[in-house]
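Asks: what would the 3D arrangement of this be:
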Amino acid sequence: MIDLTNKKILLVRNDNIGDLICTTPAIEALRKKYPNSQIDIVVNSYNYSAIDHNPFVDKIYCYTKPKHKKSLLDKLKAGWGKLKILLAIRREKYDAVVVFRSDYSKSAELFSNITTATYKVGVKNPKGKDHFNIHIPVDDTKHEVEFCFDCLKEFGVKYHDEKTLFYVPKSLSTKYSQFQGFILFHISSRKVENRYSKEKFKTIIANLQNDTILLSAEPADFAKAQWLSEHTKAVFIKTSSLEDLSGVIKNVALFVTLDGGAMHIAPALGVKTIAISGATNMKKWYPWGYKDLVIQDKSKIADNILPQTITEQIQRASEHIK
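Replies: You can find the predicted model right below:
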C-alpha cells in the first residue's frame with residue numbers, strides 16, 4: 001500500500017455534474033483514511049455545484065472550459081483562467097494526483113502532467129501514450145462510484161457505505177418546503193433515446209391515486225411540462241437552475257426522472273429515485289442506492305416502456321406516501 005499520510009493530494013473531476021456526485025463517496029473515504037493530508041480538487045464551472053461546500057476537500061480549483069464560451073474574448077478569458085490554475089497547481093508540489101475519469105481524457109491528464117507528483121493515477125490512453133504511472137482498469141459492469149474507489153485502491157482506501165453528497169442551501173430547501181411528501185416527475189433528458197412522450201406521462205399521472213404530484217423540466221421542455229400541468233392534476237414548478245431544482249427535490253418523498261444530472265442529485269439528498277432509462281448503461285450509472293428502481297426496456301429506448309410498468313413501480317415505491 002502507498003501511504004499518503006500528511007501528503008498533498010490533487011483530485012481531478014472535470015466532466016459532468018452526475019459524474020462528480022458519483023465521486024463524492026470516494027472523496028469522503030479518502031479523507032477518513034488521511035485526515036491530516038491536503039486534499040484539493042479540480043472541477044469546472046458546469047459541475048462545481050456538486051462539490052461546493054463539500055466538507056472533505058480543502059481547496060477547489062474551478063475553471064471555465066474555453067469551448068463553452070462563444071465569443072473570442074470570452075474564450076481567451078477562460079483560457080487565461082485555466083492557465084492561472086495550472087500554474088497554481090504546479091507551484092503546490094502535489095505528491096499524488098488522481099484523475100477520476102473512466103474514459104481517458106487528454107484535458108484531464110493535463111492537470112496531472114503539470115505536477116511533479118510521484119504518483120499519477122488514471123485510465124490508460126487507448127490511442128497512445130499517457131503519463132500515468134498507476135493505471136486503473138475500466139469495467140463497465142461496475143458503477144461509477146465503485147470505479148472511483150478503484151482509483152484509490154493503491155492508497156488503501158476502501159468503501160465503508162459512504163453516500164453520495166450534494167449541498168442544498170437552506171434558503172432553497174425552505175423555499176419549497178410546502179412540497180414535502182410530494183412525488184416529483186422530472187421530464188427532461190438530453191439524449192433522444194432517453195426521452196419519454198408527454199402523452200405517456202399523462203397516462204401515468206392519470207393512473208396514480210396520489211394528488212400531490214409535481215413536474216419539473218429543463219427550459220427546452222417547459223412547454224411540454226406546461227401542457228402536462230394543463231391536462232393532468234400535476235403542478236409544474238418552473239425552476240431557474242439545477243441548484244433551484246435541488247431545493248424542490250430535497251423536499252419530495254419520491255423522484256421519478258429521466259436520465260440526466262438530476263438523477264444523481266436526488267439519491268445524494270436521500271430521496272428515493274425511480275430512473276426511467278433509455279440508452280444509458282445503467283449498471284454503471286444507476287442512481288446510487290436505488291438500483292432496484294431502475295426501469296429500462298431491452299430496446300434501450302425509454303419511450304418503449306409501457307406507462308403501466310412505470311405506474312406500478314411508482315405505486316410500489318410510494319406505498320408510504322399519503
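
Asks: which of the residues in the least confident helix or strand in the chain by mean pLDDT are buried?
Replies: In the chain, no helix or strand scores lower on mean pLDDT, DSSP states H and E than helix 72-92, which sits at a mean of 86. The neighbour-count check on helix 72-92 (16 or more other Cβ atoms under 10 Å) flags 75, 78, 82, 86, 89, 92 as buried. The C-beta positions use only the backbone N, C-alpha and C, and glycine is treated the same way.

Asks: so which elements touch it?
Replies: strand 8-12, strand 38-44, strand 59-63, helix 106-113 (3 or more Cβ pairs under 8 Å, 6 or more residues apart in numbering; DSSP states H and E).

Asks: do that again at 7 Å, thanks
Replies: strand 59-63 (3 or more Cβ pairs under 7 Å, 6 or more residues apart in numbering; DSSP states H and E).

Asks: any residues touching the strand or helix carrying E312, and which ones?
Replies: If you go by DSSP states H and E, E312 is part of helix 307-317. By Cβ atoms under 7 Å, 6 or more residues apart in numbering, the surrounding residues in contact with helix 307-317 are 200, 203-204, 207-208, 254, 256, 272, 274, 276, 293, 295.

Asks: how about stretch 33-42?
Replies: Contacts for stretch 33-42 (Cβ under 7 Å, 6+ apart): 4-14, 30-31, 51, 56-61, 111, 156-157.

Asks: domain map for the protein?
Replies: 8-155, 170-317 (automatic domain parsing).

Asks: from the chain's centroid, how far away is the last one?
Replies: To tie it back to what came earlier, the one meant is domain 170-317. 15 Å (Cα atoms, centre = their mean, to the nearest Å).

Asks: just the terminal-to-terminal distance for it.
Replies: 27 Å (Cα to Cα, to the nearest Å).

Asks: avg pLDDT for it?
Replies: When pLDDT is averaged along domain 170-317, the result is 96.

Asks: which one of the buried residues of helix 72-92 sits closest to F100?
Replies: F100 lies nearest to I89 out of the buried residues of helix 72-92, by Cβ to Cβ, at 15.8 Å.

Asks: what sits against that closest one?
Replies: Each residue near I89 by Cβ under 7 Å, 6+ apart is listed here: 10, 61, 111, 114-115.

Asks: and if we set it to 6 Å?
Replies: I114 (Cβ atoms under 6 Å, 6 or more residues apart in numbering).

Asks: L11 now?
Replies: Contacts of L11 by Cβ under 6 Å, 6+ apart are 41, 98.

Asks: what about it, distance to D40?
Replies: When distance is defined by Cβ to Cβ, to the nearest Å, L11 is 7 Å away from D40.

Asks: shouldn't D95 be in contact with K7?
Replies: Yes. Counting by Cβ atoms under 6 Å, D95 touches K7, with 3.9 Å between them.

Asks: helices of the stretch 201-322 of the chain, start to end?
Replies: For the stretch 201-322 of the chain, the helices defined by DSSP state H, counting those that start in this stretch cover 222-231, 242-251, 262-268, 282-285, 307-317.
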